[in-house]
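S.K.: I need the structure of the sequence given here:
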Amino acid sequence: MDRTLEVAGSHPAAADDDQPLLVLACSGTGGDILPFIALGQQLAARGHRVRLLVPAYHVAWVRGHGLSCEGFGSAQAFQAHLDNPDLWDARKGFGVAWQSVAPHLLVLRQLAARESGHCVLLCHPIMLAAAHLAKAAYPDLQVAALYLSPSGLCSSHEFPVMGARPLPAWLPVSWKRQLWRGIDRLALSPVALPAINAARQALNLPPLDSFRRLLSETPDAVIGLFPDWFAATQPDWPSRYVEAGFPPDPIEQATELSTELQAFLAAGPAPIAFTPGTGHKHARAYFEAALAALAACGRRGIFLTPYPEQLPAALPPEVIWQSRAPFARLLPEVAALAHHGGVGSCAAAFRAGVPQLICPYAFDQFDNAWRARRLGVAETVLAGKLDAKKMSAALQRLLASDKVAQACAKTSRLARVDALPLAERVEQALTLQAKR
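M.R.: Next comes the predicted model:
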């Protein structure tokens, strides 16, 4: 098991060393990391000692936002996980994602030891196994689970959508509970428990028999980073659940659109933006369908991906490629956003009030797409059934519908309502005291 950590510079000098270190532990692609950066910035601004723990692949990027950061593993190993096309398979994706953290389950225990247990762990759900092992050494350690989307909370009342369509509404809750037990027994625990129990055995701890039980029993607080109008609190969510709303965009040094993109936007009607997600390297079919759909619609387009090798060989003048663009600046300028169903992309489109064409691949994307569609602002074309004809037809329906425009305006108002800052919600959930 890899026990090395890349240690960043010290925490901001203005923070109080007597306060516990707030460790924001996360893994995944950029969309998973951004909410933790935003929260870290808010907490640091309120005088807390803050440090992020992320895959080494993301360390320089996180530090570029002015935050102290440690990395686990190697950038090369994490890149290998991104290179695996199974990451975006609805059945195999969890196994690939899990293997990016499984060799590093002791990192939080080691970090807590360096702080003599004087820390608080704010964890992405995939890091809860590492928090569980840290808590075995420091039973008084406070742990909060930060859920970016509602599907991970595993409700048997509003069962998350995991594929083409939701479960029938008439299905009894007791049956759905049994289904969750089956998912844990057949899909989750066989993937996750071998590494967890190997680590526990090395620490002379007895083995566990349920990964879902670890997820539910480890945190002292559970924080949903989404509003109740996107997902209402369910009767079987944890009693210690706190709704925090969608996270704000992090404060970035570079927030403007590129000169090239600004010129493209000024040169014609509002384009449609397309992204399969920042970490997706295997979306050639997506971009080929998008290019043909734009031609069929007579629309201009923006293709967003850091991996240009998956784009069609030659883009016409009506389509531009950008490696990235800040959504807060870009989306108010586009006619629609076509994306993979990441909850951060959904939230950005809600704020901008633009319709969404969602093409989910894996993970929570199916459920997020269903919720956006229920709000009346989106259509869904499954990535596995994607073609230009379906994409074009869905875009034309979205852009021609007055009902969709009205729903987009409504969700924009909801998403822009000033709420208690995310950092204050976390402080309340964990009874932390701000220093500013």
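S.K.: okay but Pro250 is in contact with Phe36, surely?
M.R.: No: under the criterion of CB atoms under 8 Å, Pro250 is not in contact with Phe36, lying 9.2 Å apart. For glycine as for every other residue, the C-beta is placed from the backbone atoms N, C-alpha and C.
S.K.: and these two? which has more neighbours close in?
M.R.: Taking other CB atoms under 10 Å, Pro250 and Phe36 do not tie; Phe36 has more neighbours (29 against 21).
S.K.: so who does that one touch?
M.R.: Residues near Phe36 by CB atoms under 8 Å, 6 or more residues apart in numbering: 24, 26, 52, 54, 122, 124, 146.
S.K.: hang on, the third one packs against Leu67?
M.R.: In this case it means Leu52. Yes: Leu52 is within contact range of Leu67, at 5.6 Å (criterion: CB under 8 Å).
S.K.: between those two, what contacts are shared?
M.R.: 37, 40.
S.K.: these two - which one has more neighbours?
M.R.: Leu52 (26 against 22).
S.K.: so that one: helix, strand or coil?
M.R.: Using DSSP: H, G, I helix; E, B strand; the rest coil, the three-state assignment for Leu52 comes out as strand.
S.K.: what bridges to it?
M.R.: Counting by DSSP bridges, Leu52 forms beta bridges with Leu24, Cys69.
S.K.: dump the residue contacts of it.
M.R.: By CB under 8 Å, 6+ apart, the neighbours of Leu52 are 23-26, 36-37, 40, 62, 67-70.
S.K.: what separation is there between it and Trp61?
M.R.: 10 Å (CB to CB, to the nearest Å).
S.K.: which strands and helices sit next to the helix or strand where Ala198 lies?
M.R.: Under the criterion of DSSP states H and E, Ala198 resides in helix 189-202. Contacts defined by 3 or more CB pairs under 8 Å, 6 or more residues apart in numbering; DSSP states H and E place helix 189-202 against helix 93-99, helix 128-137, helix 211-217.
S.K.: returning to what we had before: out of the contacts of Phe36, the closest to Pro206 would be?
M.R.: Using CB to CB, His124 comes nearest to Pro206 of the contacts of Phe36, at 26.0 Å.
S.K.: where do the strands of the stretch 1-150 of the chain begin and end?
M.R.: 5-7, 21-25, 49-55, 69-72, 119-123, 142-147 (DSSP state E, counting those that start in this stretch).
S.K.: is it possible to export the ones you listed to CSV including distance to Val107 and mean pLDDT?
M.R.: Output for the strands of the stretch 1-150 of the chain, formatted as CSV (distance: least, CB to CB, whole Å; pLDDT from 0 to 100):
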stretch, distance to Val107, mean pLDDT
strand 5-7, 6, 47
strand 21-25, 8, 98
strand 49-55, 6, 97
strand 69-72, 5, 97
strand 119-123, 11, 97
strand 142-147, 14, 96
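S.K.: would JSON lines of the ones you listed with distance to Ser392 be doable?
M.R.: JSON lines is the format used below for the strands of the stretch 1-150 of the chain (distance: least, CB to CB, whole Å):
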{"stretch": "strand 5-7", "distance to Ser392": "46"}
{"stretch": "strand 21-25", "distance to Ser392": "41"}
{"stretch": "strand 49-55", "distance to Ser392": "37"}
{"stretch": "strand 69-72", "distance to Ser392": "42"}
{"stretch": "strand 119-123", "distance to Ser392": "42"}
{"stretch": "strand 142-147", "distance to Ser392": "35"}
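S.K.: between those, which gets nearest to Ala362?
M.R.: Smallest distance to Ala362 across those (CB to CB): 17.0 Å, for strand 142-147.
S.K.: break the protein into its domains for me.
M.R.: For the chain, automatic domain parsing gives the domain ranges 5-245+419-429, 259-415.
S.K.: out of those domains, which gets the lowest mean score?
M.R.: Ranked by mean pLDDT, the domains of the chain bottom out at domain 5-245+419-429, with a mean of 92.
S.K.: what's the closest of the strands of the stretch 1-150 of the chain to Ala289?
M.R.: Comparing the strands of the stretch 1-150 of the chain by CB to CB, strand 49-55 comes nearest, at 30.6 Å.
S.K.: okay, the angle between that closest one and strand 21-25?
M.R.: With axes from the mean of the first three to the mean of the last three CA atoms, to 10 degrees defining the directions, strand 49-55 sits at 20 degrees from strand 21-25.
S.K.: so strand 49-55 versus helix 128-137, what angle?
M.R.: In terms of direction (the same axes, to 10 degrees), strand 49-55 departs from helix 128-137 by 130 degrees.
S.K.: chain center to strand 49-55, what's the gap?
M.R.: 16 Å (CA atoms, centre = their mean, to the nearest Å).
S.K.: before we move on, what about stretch 411-423?
M.R.: 18 Å.
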